[in-house]
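Chemist: Quick one: sequence and predicted model below, then my questions.
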Amino acid sequence: MSAQYHQFTFPLNITYQEFLPYYRGEVNKVEVVDVSGRTLWINARHFRPFLTSTGIRCYFSMTLDAQGNLIKLAKV
């Protein structure tokens, strides 16, 4: 049985100060719009490794399995 994966590419542009409530767990989901116009809600904890003193400013590639579980999140 082969696994089916879903691929999404999206920009994220958020300052350090704007991301703090997500980092602290006060807000759980980050809302992004992928390059195809689909709105996605992603658990903020997945972005913590990408946070710098200026925030997060880059495009990401995200892969999900058929059940919607995160397989990979990487800067593009």
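Modeler: Received it, and whenever you're ready, just let me know what you need.
Chemist: For the residue sitting nearest the centre point of the chain, name its beta-bridge partners.
Modeler: With distances taken as CA atoms, centre = their mean, the residue of the chain nearest its centroid is residue 42 (5.3 Å). Taking DSSP bridges as the rule, residue 42 bridges to residue 30.
Chemist: can you map out the helices along the chain?
Modeler: Listed in chain order, the helices of the chain (DSSP state H) span 16-23.
Chemist: Show me the shaky parts of it.
Modeler: 1-2 (pLDDT under 70).
Chemist: The residue nearest to the centre of the chain is in contact with residue 30, isn't it?
Modeler: Yes. With contact defined as CB atoms under 8 Å, residue 42 and residue 30 form a contacting pair (5.1 Å). (Glycine included, C-beta is placed from N, CA and C.)
Chemist: so how far is residue 76 from residue 8?
Modeler: Relative to residue 76, residue 8 is positioned 11 Å away (CB to CB, to the nearest Å).
Chemist: Which neighbours do those two have in common?
Modeler: Residues touching both residue 8 and residue 76 (CB atoms under 8 Å, 6 or more residues apart in numbering): residue 61.
Chemist: Please say which of these two ends up with more neighbours.
Modeler: Neighbour count, other CB atoms under 10 Å: between residue 8 and residue 76, residue 8 has more, with 17 against 10.
Chemist: ok, now which ones touch that one?
Modeler: With CB under 8 Å, 6+ apart, residue 8 has these contacts: 34, 36, 38, 40, 61-64.
Chemist: swap the cut-off to 7 Å and go again
Modeler: The neighbours of residue 8, taking CB atoms under 7 Å, 6 or more residues apart in numbering as the test, are 34, 40, 62.
Chemist: For beta bridges, what are the partners of it?
Modeler: Under DSSP bridges, the beta-bridge partners of residue 8 are residue 62.
Chemist: tell me the strands in the chain, going along the chain?
Modeler: Secondary structure of the chain (DSSP state E): strands at 6-14, 29-33, 39-43, 56-64, 70-75.
Chemist: Mind giving me the packing neighbours of the fourth one?
Modeler: Going back to what we said before, that points to strand 56-64. strand 6-14, strand 70-75 (3 or more CB pairs under 7 Å, 6 or more residues apart in numbering; DSSP states H and E).
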